[in-house]
Each structure stands twice: as structure tokens, then as C-alpha cells.
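Colleague: everything below, folded, please.
(chains A and B)
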Amino acid sequence: MLDFLELTLVKAAPLIFAALAGVLCERSGILNIALEGGLTAGAFAAVAVAYATGNPLLGLAAGMLAGALLCGLLGVAATRFGVNQIVAGTGLNLLAAGGTAFGIVVLFGTPGASPEVPALGARGEGILVAVALASSFALAFALDRTPWGLRLRACGENPHAVLAAGLDPRRIRVLATLAAGALAGLGGVFLSLGELDLYSDGMTAGRGFIALAAVIFGRWTPLGACAAALAFGALSALQFVLQRAGIPSELMQALPYLAALLALTGIAGRARPPAADGVPFLDA
Amino acid sequence: MNARSATIFAVALLVIAAAAMALAGANPLAGFAALLRGALGGEHQLSETLVQTTALLFPALAVAFAFRAGLFNIGAEGQLIVGGLCAGLIGAALAAPGWIAIPAILCAGTAGGAFWGFIAGALRARFGGNEVIATLMLNIVAALLANYLVSGPLHAPAATGAETAVLPAGSWLPVLLPGTRLTIALLLALALAVFLRYLFARTVFGYGLRAAGDAPAAAARAGIDLRRTALVAMTLSGAIAGLGGATLVAGVLHRFNVALSPGYGFIAIAVALVGALDPLRIVAAAFAFGILQSGSLTMQVLAHVPKDVVSFVEGLAIIGLSAQRLTGTRDA
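Modeller: Okay, the predicted model is just below:
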């Protein structure tokens, strides 16, 4: 039982980070489908810097920075250049996948995976799990109980009202994507330097999309998204057990996505996204 | 995007690609030369480039079809996979003369893709569910479903990989050039492009789709049922992508394999945008991206540039192109 709980938390932690990133972006009005790219960039940058410096903590910082840059690019492009957020997000995912696969060859000389690098270890992994859970509560508090959170939520519901109040919605959205990117990057760091000690192509394995599902299932709230991520983590922890019982692993893997599709039908109560989620705001 | 900014954009992408090649320790000129040689350097290379062009053209037309109706179909990849899966299952099971088997296989693929698009369309039409999220989720469900079926219950006993049995030779699409993999799928895709151009420019149905995409409020007031349009557009978009999957199965691999698509459905978004959502310009764009797809391996072998630089540049292209106005173009 204790093993199962531990495995659930380990499987859930990167999903929590990415899902919180999704909540942060969408509540500010940016539909960020590049969470997968943020995880990928974070996981890769962390390993690259840990490899070069021998210091996993510098790797962790680099991972957060890489995620922030990637998602921040979406924020800047969406608010200053009027790009379509969905299309740009798809481009960022492709960019991250191609860039990291290219980077592996350039940095390590062989395609597919990096060598083992100094990692955060079991203790670091445990701390990051705690950080993921604490971040959920911190973000819930910040969104619901601080002026910053009010402004951010207002941006996601009605950016024109934010402008009328004398604030710049574009700035708020860019800062939200930067912070979200750092969280997604941290999720990637957890995968490459926490759970493992290397980067390999495709190691994020669609977790960025599961996180999007968690955002919907958690009804765009940090604690809801965290709970959904924990549930999805438990599913993947159960996978090994249920597979032995003859349940196909693909079905288990598909459950988060099927759950998200079901949530779109509003079967579990109306799930309403922020009113200006994904709606461009340019005329400031 | 006007001609001047398009040129600046293209040059910027080339410079970035060259810088990436230099970073990989290769001579950028040699890299580009190898890419072009691998894509256009002979009859065999050119035919492979056209195979890639065809593979990209179907999902790109699918993406454009939905975009023109104001719907973001990010799910061409999943629709292509489900279409290919249905085509592979029917094709491997069906022992019939080619004039029956080939249409049956193509219809099965079209129906499979249409069904996958229909799910997203129905979620949007019935519940107002975001089609972006729905298609993203359906992409992954499609991959998992295909993986389960062809590595489990429907796995061909003789096959080594996760794939169906090989289709009977009579069910293969006829080749255009003997000794190559270039089949009539190319002609089918070109005909489809011309037909879609006609559909959008000259028919009431196409006008209704464009109106729903360009000015939904006005279209609704004019009596166009937006929900029905969303359902129909997503279903037909999926059908086009599914047909593409079927041509890959019946024309290129002659079986369904889980590695059917190296992300054609995602690259197709770039192709559709470069083609400004106009079916005929998308043909030209698909050829350009076909060159990248088919030349990248030669570039890796001859010039030692990792082929992944191509997806990196394609990603940049999508981001840059996402700034253009996406629904409708004036000249079509």
C-alpha cells in the first residue's frame, strides 16, 4: 500500500506541475497546448546543464528557465503578434520535440538518449513531490485570495475590464505564461533528473496532454487539477497490477483522455472554461 | 502574408536552419545540397518526395477544410491513424479482386477518419466542447487503440512488428512509375484539391462553411446552422485525413503499422498554413514539405546533420505562420 502511494505520487508529480501551468495560463486567457513542449524543454535543458556543470541544481534552474522561455514565447507571440494560440502551441510542441532530438545528437554524439548525468536523487525527488503538492495550495491561495490572482482571473474572463481598470492585460498574460512555463519546466526536471538521471527522446510521453485533461477535469482550479493529476497518477501506478490481471495497458493509458472527452460533454456537471480562454486580446 | 514578408520569413528560416547545421558541426551548404539531392536528385528520389507530398497533402487538405469552417482540427493525425487502421483491417481480411478491394479499403479508411472527426464535431455541436481539446485527446486515444489492436487481438501471427497482415497484392494501389512507391494516391489527392477549391469557391455548401468560419454571428443570422456546420465540417475533415491514412496503407506500406505516420497530421498544419488554406496553394506547399521529409535522411547520412533539424524548423514555421489571419482568404 505504501509502495502504491509512493508510486502514485511519483507518477502524479510531473502531471501536477504541468496541470498547474495549464491552470495558470488558461485562467489568464491563454490556451496553452504547448505544456508537452514545456515538459520536454525542461527535461532536456536540465540534463544538458547537469551534464555540462555536474551540478543537478543548476540543471533544475535551467529546466525551469527553458520551460519559461518556451511558454513565454507563446505569451509574447499571442499578445504582441496576434498569433493563433492553438496553432502556435502546436508549433512549439514540434519545435521542442525536434530541437531536443537535434540537441541530443549535437551534445552527446548519439541519437535517442543522453548518458547518465548527476541527478537529484531520491531525496530530491521527494522534495519535488512535496513542492508539487505545496504549489497547488499556494496557487489556489494566490488565485483566490490575492490582488494578483484577481487580476489574472479577470484577464481570463474579461480583459477589456482589466484594461478599463488601468492595467495591461497583455503584460499579465505574458507573466502568467512565463510562470506557467517555469512550472511545466519543473515537471520536466522531475522526469529527467528526479525520477531518472538522463534524457531520452519522447520521455514526456504525452504527459502535457494528460495535464490538459487534468485542467478540464479539475474545472480550471489548482486544487481540482492537482486532484485530477493525482487520480491519473494512481491510474498509472495501478497499471502494472491491472495489466497482470489481464486489463490491456493501452486502456489504462487511454483513461485520462477518455475522462477528458467525457468531461467535455458536461456529464459530471457543467465544466465551464474561463470566458476569454484562448481569445486573443491585442487592442490595448 | 504579403510577398515581401513571406520572403523575409523564408530567408529567416533558412538562416536558422543553416545556423543549426553549423552548430551540429556540418557545412550548411553541404547540408542543403544533400537535402536537395536526397529529395530531387533522380527518378527514385523524386518519386519518394512525391510519396511524402501525397502523405502530407491529404491531412493538410483536411486541416484546411476544418480551418476554413472556423474549426481547429488538431486531430488530423488521429483521424489518419484510425483511417489507416480501418483500411488495414479490411484490406488484410478481404480477398477480392482489386476493383472491389481497393474502393472498399479506401472507403473503410474514409469512414474511420470520418467517425473520429465526427466524435469531436459532435462534442462541439451537442455540448459546446472545445474541438481543440477533443481532437488532441482523440489523437492519443487513436494511437493507443491502434497499438492495442495490432499488437494484441488483431496482430498478424507472422508479423514481427505491431502491424496487420500484408494486404493481398491485388489490393495494392496501382503504381504510376514502375519500381517506385508512387501510386495513384497522388492523382487522388490532386483531384481532391481541385474539387475542394471548387467546393469552397463555387458552391453554396462551401460558401456556408466559409461564412461560418469568417463571420459566425452573421452566418447564424442568415440562417446557417452553426452546430450542424461544425458537425459536418469536422466529419468531412476527418474523412479526408482518414482517406490519406488508407492510401498510406494500400499504397505505401501495404499493411497497417503503428508507425504509419511520423506526425504527418501535425506537419500538415504547417502545410495548410503555408498554403494559406487554399487547396491549390496547399499542393505547392505539400511538395515543399515533401522535399524536407524525403531529403532529411540523405542530409543526415551525407552531411551529418541530424534529421530532426527539419521538425525544429517546421515548428518555427508553424509559429511564424500562426500570425496570419486564419479563416478564409479573399481570393477563393
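
Colleague: in the stretch 1-150 of chain B, where is pLDDT below threshold?
Modeller: Within the stretch 1-150 of chain B, the stretches with pLDDT under 70 are B:1-2.

Colleague: show me what contacts the closest residue to chain A within it?
Modeller: Shortest the stretch 1-150 of chain B-to-chain A distance, computed as CB to the nearest CB: residue-wise this is B:Gly129, at 3.3 Å. Any C-beta I mention is one placed from the backbone N, CA and C, and that applies to glycine too. Counting by CB atoms under 8 Å, 6 or more residues apart in numbering or on different chains, B:Gly129 touches A:Leu264, A:Thr265, A:Gly266, B:Leu123.

Colleague: what subset of these is buried?
Modeller: A:Leu264, B:Leu123 (16 or more other CB atoms under 10 Å in any protein chain shown).

Colleague: and the two most separated of the contacts of B:Gly129?
Modeller: Distances among the contacts of B:Gly129 were taken as CB to CB; the most separated pair is A:Gly266 and B:Leu123, at 9.9 Å.

Colleague: and the residue lying closest to A:Gly54 once chain neighbours are set aside, how far is that from A:Arg27?
Modeller: Leaving aside its chain neighbours, A:Gly54 sits nearest to A:Pro118 (5.5 Å; criterion: CB to CB, 6 or more residues apart in numbering or on different chains). Distance, A:Pro118 to A:Arg27, by CB to CB, to the nearest Å: 36 Å.

Colleague: spatially central residue in chain B, please.
Modeller: B:Pro59 (2.3 Å; CA atoms, centre = their mean).

Colleague: residues in contact with it?
Modeller: By CB under 8 Å, 6+ apart, the contact list for B:Pro59 reads B:Ala76, B:Glu77, B:Gln79, B:Leu80, B:Ile240, B:Ala241, B:Gly244, B:Tyr264, B:Gly265, B:Ala268, B:Val271.

Colleague: so where's the longest helix in chain A?
Modeller: Secondary structure assigned by DSSP state H gives helix A:2-28 as the longest helix of chain A.

Colleague: nope, chain B is what I meant
Modeller: helix B:98-127.

Colleague: for that helix, packing partners?
Modeller: Helices and strands touching helix B:98-127, by 3 or more CB pairs under 8 Å, 6 or more residues apart in numbering or on different chains; DSSP states H and E, are helix A:249-264, helix B:76-93, helix B:131-151, helix B:226-247.

Colleague: now those helices in TSV, with distance to A:Asn55?
Modeller: Converted to TSV, those look like this (distance: least, CB to CB, whole Å):
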stretch	distance to A:Asn55
helix A:249-264	35
helix B:76-93	39
helix B:131-151	35
helix B:226-247	47
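
Colleague: now do the contacts for A:Ala142.
Modeller: Per CB under 8 Å, 6+ apart, neighbours of A:Ala142: A:Trp148, A:Gly149.

Colleague: and after the host helix or strand of it, which helix or strand comes next?
Modeller: A:Ala142 is located in helix A:121-145, with elements delineated by DSSP states H and E. Sequence-wise, the next helix or strand downstream of helix A:121-145 (DSSP H and E) is helix A:147-157.

Colleague: show me the contact partners of the next helix or strand after that next one.
Modeller: Beyond helix A:147-157 on the C-terminal side, the first helix or strand identified by DSSP H and E is helix A:159-164. Here helix A:159-164 makes contact (CB under 8 Å, 6+ apart) with A:Gly29, A:Arg151, A:Ala154, A:Cys155, A:Asp168, A:Pro169, A:Ile172, A:Arg173, A:Ala276, A:Val279, A:Phe281, A:Ala284.

Colleague: A:Trp148: how many residues sit nearby?
Modeller: 13 (other CB atoms under 10 Å in any protein chain shown).

Colleague: I am finished for the moment; much appreciated.
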